[in-house]
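> Need a 3D model of the sequence below.
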Amino acid sequence: MSYKILTDSSCNLTEADIDKMGLEVVSLNYILDGVEKPSYVKGQVFDHAAFYKKLSEKVPASTSQVTPQLAKTAIKAMLDDGHDVLYIGFSSGLSGTYSAVCLAMEELKDEYPQRTLLAEDTLSASAGMVMLLRHAVKLRDEGRTMQEVQQWVADNKLSVCYFFTADDLWYLHRGGRLSKGKALMGTLLSIKPIITLSNEGKLVSYSKAKGRKKAMDYLLEKMDEGADREMAAEHGIGIIYAGNDADAQVLAKQARSRIKGVPVELVHLEPVIGCHTGPGILAIVYMGAKREL
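Numbers count the residues shown, from 1 in each chain. You can find the predicted model right below:
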């Protein structure tokens, strides 16, 4: 029986890539200045520049996860078309979306006993989710079963490593990851936090650097140390940014010079995660050794 791969908007894929990969997507929402909108709408191009300009002006911003009802509607449509469903989703350490989709699947199992519904928590987001999804699609297209695809994601998801630096510490303070005093002191002294994604899929403090350039150098050093060259050649390196195109281009150029011949992809961060990181985030994502924390 055929199956569909379902994911969510936190994968940060473009509509062209979603269509090319044959994915189904449910969207998280963001609320900017009191107006709620889905992060991903088929046929609409998101204006990153306008969004991050508003965030830099400290326009009130928040988010909401995928609801069980929205997930249920999307999954039911695939089941009614005769497909089993494999959900490969946003880290449960960052959102309740994974739990909401799992709840929807549980509710549908009795209604569709002849269908198979599976879910795998990537413990990742954005560029790292994309690395896992692209290989999942490759396996699907090679004729692998959904159980085999799920197992590959389960076996490899903790090899997706992230290191971030933030430019605007106000957002980290608002999200509870920095005290007000540390955020203020870091801003005054130009101390840039280095953040990683843990084995639980949560953002955790890792180190710090003095100034933007040294923070970017630190990200590159972690990539040098941790990236598996063979895996990097297959899955590439991801550079995530948020309204800071020039910094992202510099980081990408330096990454290419350090690991020759490896594809480096720039990913403009979608608005839901962007609401929590703020403008100016930079992250380097690669596959290599297991996560450190």
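
> For the stretch 1-150 of the chain, which segments are assigned as helices?
Along the stretch 1-150 of the chain, counting by DSSP state H, counting those that start in this stretch, helices occupy 15-21, 48-56, 68-80, 97-109, 126-141, 146-156.

> And for the second one, what's in contact with it?
When contacts are taken as CB atoms under 8 Å, 6 or more residues apart in numbering, the neighbours of helix 48-56 outside the stretch itself are 32-33, 61, 168, 171, 242-243, 268-269, 271, 274-275, 278-279. No exception for glycine: its C-beta is placed from N, CA and C like everyone else's.

> Identify each buried residue in stretch 16-26, please.
18, 21, 23-26 (16 or more other CB atoms under 10 Å).

> which residues of the protein fall in strands?
Using DSSP state E, the strands assigned to the chain run over residues 3-8, 23-26, 29-32, 35-38, 61-64, 84-89, 117-121, 160-165, 191-197, 203-210, 237-241, 264-268, 282-287.

> what is the rounded mean pLDDT of the third one?
Put plainly, it is strand 29-32. Mean pLDDT, computed over strand 29-32, is 97.

> cool, and the fourth one?
On average, the pLDDT along strand 35-38 is 96.

> so what does it touch, helix or strand wise?
strand 29-32 (3 or more CB pairs under 8 Å, 6 or more residues apart in numbering; DSSP states H and E).

> neighbouring contacts of the strand it packs on?
36-39, 51, 54, 59-64, 271-272, 274-275.

> next one: stretch 101-111
With contacts defined as CB under 8 Å, 6+ apart, stretch 101-111 is touched by 6, 8, 26, 66, 68-69, 71-72, 75-76, 79, 85, 87, 89, 115, 117, 119.

> Would you mind measuring from the residue nearest to residue 139 when sequence neighbours are not counted to residue 17?
Leaving out its chain neighbours, the residue that sits closest to residue 139 by CB to CB, 6 or more residues apart in numbering is residue 149, at 4.9 Å. According to CB to CB, to the nearest Å, residue 149 and residue 17 sit 18 Å apart.

> looking at the protein, which helix or strand is least sure?
Lowest mean confidence among the helices and strands of the chain (mean pLDDT, DSSP states H and E): helix 180-189, at a mean of 53.

> OK, contacts around residue 128?
122, 160, 162, 197, 238, 285.

> and which of those is nearest to residue 214?
residue 162 (18.7 Å; CB to CB).

> Kindly state the beta-bridge partners for the nearest residue to the closest one once chain neighbours are set aside.
Closest residue in space to residue 162, ignoring its immediate chain neighbours: residue 197 at 4.1 Å, by CB to CB, 6+ apart. Beta bridges link residue 197 to residue 203, judged by DSSP bridges.

> Quick one: residues contacting residue 197.
Contact analysis of residue 197 by CB under 8 Å, 6+ apart lists 91, 93, 123-125, 128, 161-162, 203-204, 291.

> what about residue 116, how many neighbours?
Residue 116 has 15 neighbours, counted by other CB atoms under 10 Å.

> Return the distance of the closest residue in space to residue 30 that isn't next to it in sequence relative to residue 75.
With CB to CB, 6+ apart as the criterion, residue 30 has its nearest non-adjacent residue at 4.4 Å, and that residue is residue 271. Distance, residue 271 to residue 75, by CB to CB: 24 Å.
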